[in-house]
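> pasting the sequence and the predicted coordinates here, then a few questions.
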Amino acid sequence: MFYRHLKGHIEALLFASGEPLALNQISDILEVPAEQLVLLLAEMKEDLADPMRGLTIVEVAGGYQLCTKPELAATLEKLDRPSDAKLSPASLETLAIIAFKQPITRQEIESIRGVKVDRVLGTLLERRLIREQGRKEAIGRPILYGTTEEFLKCFGLNSLKDLPELASFLHTGQPE
Amino acid sequence: MFYRHLKGHIEALLFASGEPLALNQISDILEVPAEQLVLLLAEMKEDLADPMRGLTIVEVAGGYQLCTKPELAATLEKLDRPSDAKLSPASLETLAIIAFKQPITRQEIESIRGVKVDRVLGTLLERRLIREQGRKEAIGRPILYGTTEEFLKCFGLNSLKDLPELASFLHTGQPE
Amino acid sequence: MNAGNAYTVRLETFEGPLALLMHLIDKNQIDIYDIPVALVTEQYLTYIKTMEQFNIEIASEFLVMAATLLQIKSRMLLPKPPKDTPPEEEGIDPRQELVDRLIEYKKFKEAAALLGEMAEIRGQYFTRQRQELAREIPLPEGLTIDDLLMAFAAVWESHAAENAYGLVAREEITVQDKMHDILYLLRSKRSRLSFDETLLRSGSRSEMVAAFLAVLELIRLKRITITQEKSFGAIYLTLKE
């Protein structure tokens, strides 16, 4: 094909654009007839089918867009994963208190753990392991926290009823 | 090579990231030893040398980045993407002083340049080329400035260690 | 040489006095280590005068440098010290400090030019924005119900052990909190409340301060009134509704 040497140019254009590029945009920039481009793009798509390549060309929104192959999604998701997917001991302790004593206020958690838990609560909320469950009818109407469905998934529980009876596991009884 | 089938994964990762990816990031995601990755990346670079390809892999800011080939710059400029405004001579001079003498205070920069640099520092901070790096243990505890990762990317440097080597290209000796 | 015309073209291009001096040195092809101060000072002052003619605000740095140049010039015009002067004083060239600054400045001017070239080269490589992936923070992995139980048991036991001491987390109490407290107490319990009774959270100094400010604010908002039967006696709050 006469215009084959332009494949590199097209690849670079699609790469740098990010957005889908309309056929006539590419055609204007490279000064190549649109019908030739259609053939070139089809050929490039075939080249990209090679398993050694990670990209593909899709036709979207009236244009062509370079993007990653759908079968690589699982790998790419790891790019976004925060480095510590683990819960810190402080988070786990706080989560445990909330799980077994819900609904519970921040002040109540703090009086059990003996430390401030603002940051930890923020982390747990962000990770959707806990959520606000209304307000306590008490002075200052403090927020009540409880666990979420994600929490159940995370610990392989079917429902909150599966949380074992606490008393039987603990040496000391339940305060107040 | 045993891990050759991962080339597509690497390409997709570099593409999706946009930013440079450190070797150990890729290594963690793909669960491949770093030394194998170095070989794979070198091989991919060779593949990309094909004139039918428009991309290349550069080592910058301590990582690998997929970007377009420099010889295609003229074509890509026609995309008219919003590009960063060029740095003024005043900004470049100030940045050079910070780069070679970091960490450095505003007063020290001013005594070298012989002019006030408040505004220029503002510009450089805003463009995230420099950042505050603590305070000097001196009267008034003045702020210390240093360069950022953005600085490395902007000038195609792999690390700050590349700077002294650069200085040897200057006519008048090496700034200490 | 028609200095005036030459300057008008370049008038705004000098970032500072050192940049202007470098320009004069380059233009006159002067050896930086042996600056003819009289010539350079004259040209420098001409430039400043031109700036004045064009009503360009002259930055103070330019004037300071002008003064420095004039001072160096006058020191160089002074007769050489007599032979019996201690040698360390004899050897000092009044231009030395300026030369050092100029050389230091020149280094960075060149470094800046180099950085400029590097940015240009780097600008040939086009990059792309990070691909937007549906961002979902993954659930922590590998946790079991035992982890949860152990965490709870650990904190519960230590809590039970320390409970005798009434461990209370330090709490920041806001005026807003105390306003709510006071209104809550007045509405739910009694119509009359002593000030001391409002200190029910931690009884700390910070709570007392917050409570006092809350009382003042509630009075201002005409929500409560206060009474005090005698000096230093108990203050009673009543709801004003």
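Noted; the coordinates are in hand. Numbering: from 1, shown residues only, chains lettered A, B, ... in the order given.
> so how far is stretch A:124-135 from its chain's centroid?
17 Å (Cα atoms, centre = their mean, to the nearest Å).
> now do the same end-to-end measure for it.
Stretch A:124-135 has its terminal residues 18 Å apart, counting by Cα to Cα, to the nearest Å.
> hmm, that stretch touching chain C?
Yes - with Cβ under 8 Å from any Cβ of the partner chain as the measure, stretch A:124-135 is seen reaching chain C through A:126-129. To be clear about C-beta, it is placed using only N, CA and C from the backbone, and glycine gets the same treatment.
> in that stretch, what counts as buried?
Buried residues in stretch A:124-135, counted by 16 or more other Cβ atoms under 10 Å in any protein chain shown: A:124, A:127, A:129-130, A:133.
> all strands for chain C, in order.
For chain C, applying DSSP state E gives strands covering C:192-194, C:224-228, C:235-239.
> whoops, I mixed them up, chain A
A:55-60, A:63-68, A:104-105, A:130-135, A:143-147.
> tell me the domain ranges of chain A?
The record's domain parsing of chain A by automatic domain parsing lists A:4-77, A:89-169.
> which one of those lies closest to residue C:100?
domain A:4-77 (46.6 Å; Cβ to Cβ).
> is the closest one in proximity to chain C?
Yes - against chain C, domain A:4-77 shows contacts by Cβ under 8 Å from any Cβ at A:12, A:15-16, A:18, A:67-68, A:76-77.
> end to end, how far does that domain reach?
Distance between the two ends of domain A:4-77: 34 Å, counting by Cα to Cα.
> quick one: mean pLDDT for that domain?
Per-residue pLDDT values over domain A:4-77 give a mean of 89.
> would you map the helices across chain C?
For chain C, the helices defined by DSSP state H occupy C:3-10, C:17-27, C:37-53, C:60-77, C:87-90, C:96-123, C:145-162, C:175-188, C:205-220.
> which other helices and strands contact the second one?
To tie it back to what came earlier, the one meant is helix C:17-27. With contacts taken as 3 or more Cβ pairs under 8 Å, 6 or more residues apart in numbering or on different chains; DSSP states H and E, helix C:17-27 sits against helix C:37-53, helix C:60-77, helix C:96-123.
> repeat that for the longest one.
Using 3+ Cβ pairs under 8 Å, 6+ apart as the contact criterion, the elements in contact with helix C:96-123 are helix B:89-101, helix B:106-113, helix B:149-154, helix B:162-167, helix C:17-27, helix C:60-77.
> would you map out the domains in chain C?
When chain C is parsed with automatic domain parsing, its domains come out as C:3-122, C:145-239.
> may I see the buried residues of stretch A:147-162?
Buried residues in stretch A:147-162, defined by neighbour count with 16+ other Cβ under 10 Å: A:147-148, A:150-152, A:154-155, A:157.
> how about it and chain C, touching?
Yes - Stretch A:147-162 reaches chain C (Cβ under 8 Å from any Cβ) through A:150, A:153-157, A:162.
> of those residues, which pair is most distant in space?
Longest distance between any two of the residues of stretch A:147-162 next to chain C is 15.2 Å, between A:150 and A:162; criterion Cβ to Cβ.
> in chain A, which helix is the longest?
Using DSSP H, we find that the single longest helix of chain A is helix A:34-48.
> how far does that one sit from the chain's center?
With Cα atoms, centre = their mean as the basis, helix A:34-48 stands 34 Å off its chain's centre.
> show me what counts as buried in that helix.
Neighbour-count burial for helix A:34-48, with 16+ other Cβ under 10 Å as criterion, is recorded at A:36-37, A:40-41, A:44, A:48.
> how much space between the closest residue to residue C:28 other than its chain neighbours and residue C:52?
Closest residue to residue C:28 apart from its sequence neighbours, by Cβ to Cβ, 6 or more residues apart in numbering or on different chains: residue C:39 at 6.8 Å. The spacing between residue C:39 and residue C:52, counted by Cβ to Cβ, to the nearest Å, is 21 Å.
> what of residue C:145?
For residue C:145, the distance to residue C:52 - Cβ to Cβ - is 83 Å.
> how about residue A:122?
As judged by Cβ to Cβ, residue A:122 and residue C:52 stand 60 Å apart.
> likewise residue A:44?
Applying Cβ to Cβ, the value for residue A:44 to residue C:52 is 64 Å.
> and what of residue A:161?
According to Cβ to Cβ, residue A:161 and residue C:52 sit 88 Å apart.
> same question, residue C:27
Residue C:27 sits 21 Å away from residue C:52, going by Cβ to Cβ.
> which parts of chain A sit against chain B?
Contacts of chain A with chain B, taken as Cβ under 8 Å from any Cβ, map to A:4-5, A:7-13, A:15-17, A:29-30, A:50-55, A:66-69, A:72, A:75-76, A:78-79.
> show me which of these are buried.
With neighbours counted by 16+ other Cβ under 10 Å, these contain buried members at A:7-13, A:15-17, A:29-30, A:52, A:54-55, A:66-69, A:72, A:75-76, A:79.
> returning to what we had before: if you count what's nearby, which of residue C:145 and residue C:52 comes out ahead?
residue C:145 (14 against 11; other Cβ atoms under 10 Å in any protein chain shown).
> ok, the more buried one touching residue A:155?
Yes - between residue C:145 and residue A:155 there is a contact at 5.3 Å, judged by Cβ atoms under 8 Å.
> quick one: end-to-end distance for stretch A:124-144.
Stretch A:124-144 has an end-to-end distance of 14 Å (Cα to Cα).
> that stretch: how far from the chain's middle?
24 Å.
> report pLDDT for the nearest residue to residue C:118 once chain neighbours are set aside.
Sequence neighbours aside, residue B:155 is the residue nearest to residue C:118 in space, at 4.5 Å (criterion: Cβ to Cβ, 6+ apart). The confidence metric pLDDT takes the value 88 at residue B:155.
> contact partners for the nearest residue to residue A:129 once chain neighbours are set aside?
Spatially, and ignoring its direct neighbours in sequence, residue A:129 is nearest to residue A:151 (4.7 Å; Cβ to Cβ, 6+ apart). Counting by Cβ atoms under 8 Å, 6 or more residues apart in numbering or on different chains, residue A:151 touches A:95, A:99, A:129-130, A:157.
> closest to residue C:185 among these?
residue A:130 (29.9 Å).
> from residue A:92, how far off is that closest one?
The value you get for residue A:130 to residue A:92, if Cβ to Cβ is used, is 12 Å.
> which parts of chain C sit against chain B?
Within chain C, the positions lying close to chain B (Cβ under 8 Å from any Cβ) are C:15-19, C:59, C:61, C:65, C:101, C:103-116, C:118-119, C:121-131, C:133.
> just the buried members of the residues you listed?
C:15-19, C:59, C:61, C:65, C:101, C:104-112, C:114-116, C:118-119, C:122-128, C:131.
> tell me how many other residues crowd residue C:211.
Count around residue C:211 with other Cβ under 10 Å applied: 24.
> coming back round to it: could I get the helices and strands packed on helix C:17-27 in a markdown table, plus columns for mean pLDDT?
What follows is the helices and strands packed on helix C:17-27, written out as a markdown table (pLDDT from 0 to 100):
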| stretch | mean pLDDT |
| --- | --- |
| helix C:37-53 | 86 |
| helix C:60-77 | 86 |
| helix C:96-123 | 86 |
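> much appreciated, bye for now.
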